[in-house]
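Colleague: all I have is the shape, not the residue letters:
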């Protein structure tokens, strides 16, 4: 855990979470570019290059990214990489199965809830944002450090490490844009590293 605290700040993981939860827009791209410009980790180098190569003023590029986001994560057709843990861990590959309730309980142990009906608790973006928060609290709150470390390990061992390798491989294979291919690779590298 100490290596993670130094080498992989929660801000970088939270940035990845936002890339799944936010539709690509001019404003989102500007925020992501600024955040990645300050990041020096090797885990996000490919993603940094992909994002810096996007022309946020190009309507065609924005439309392509939005189309890709919709195709990969929203639908209406069969999703090549559904962004919910339940789909990857339930026998029938359905949403809102056991994993959603289990991860919601971990959020509650940390005193958190998801206040948006649009975001399910086992969405990759929600889980990454929660991991980022736990890592930040582990570093900043001495009194609760052991509890936050326990919750971090529980989230990783019982959830993220179980499904993100397959999810990110599916995403990388299905993605047509460099941005989403690199987002998949960065997510896989970060979860693998943090889960060591």
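Modeller: Looks like it came in fine. Remember, predicted model here, so these are calculated numbers, not experimental data.
Colleague: list the contacts for the residue nearest to residue 109 when sequence neighbours are not counted?
Modeller: In this structure, residue 109 finds its nearest non-sequential neighbour in residue 151, 6.0 Å apart by CB to CB, 6 or more residues apart in numbering. Using the backbone N, CA and C atoms, a C-beta is placed for each residue, glycine as well. Residue 151 makes contacts with 106, 109, 110, 134, as judged by CB atoms under 8 Å, 6 or more residues apart in numbering.
Colleague: could you do residue 120 as well?
Modeller: When contacts are counted by CB under 8 Å, 6+ apart, residue 120 touches 84, 86, 95, 96, 100, 114, 126.
Colleague: repeat the analysis, applying 6 Å as the threshold.
Modeller: Residue 120 sits next to 84, 100 when contact means CB atoms under 6 Å, 6 or more residues apart in numbering.
Colleague: do the same with residue 134
Modeller: Contacts for residue 134 were tallied using CB under 6 Å, 6+ apart; they are 148, 151, 152.
Colleague: leaving out chain neighbours, which residue sits closest to it?
Modeller: In space, residue 134 is closest to residue 152, 4.4 Å off (CB to CB, 6+ apart).
Colleague: do residue 36 as well
Modeller: Closest residue in space to residue 36, ignoring its immediate chain neighbours: residue 48 at 4.3 Å, by CB to CB, 6+ apart.
Colleague: that neighbour - that's part of a helix, no?
Modeller: Yes - assessed with DSSP: H, G, I helix; E, B strand; the rest coil, residue 48 lies in a helix.
Colleague: how near is it to residue 69?
Modeller: Using CB to CB, to the nearest Å, one gets 19 Å for the distance from residue 48 to residue 69.
Colleague: so for these two, which sits in the more crowded spot?
Modeller: Shown here are residue 48 and residue 69; by other CB atoms under 10 Å, residue 48 has more neighbours (21 against 18).
Colleague: now the host helix or strand of the residue nearest to residue 109: how far from the chain's centre is it?
Modeller: According to DSSP states H and E, residue 151 maps onto helix 145-155. In terms of CA atoms, centre = their mean, to the nearest Å, the centre of helix 145-155 is set 18 Å apart from its chain centre.
Colleague: point out where this structure drops to low pLDDT.
Modeller: 1-9, 94-95 (pLDDT under 70).
Colleague: distance from the one helix or strand residue 165 maps to to the middle of the chain?
Modeller: Here residue 165, judged by DSSP H and E, is contained in helix 161-174. Taking CA atoms, centre = their mean, one finds helix 161-174 lying 11 Å from the centre of the chain it belongs to.
Colleague: then stretch 86-93?
Modeller: Counting by CA atoms, centre = their mean, stretch 86-93 is centred 18 Å from the centre of its parent chain.
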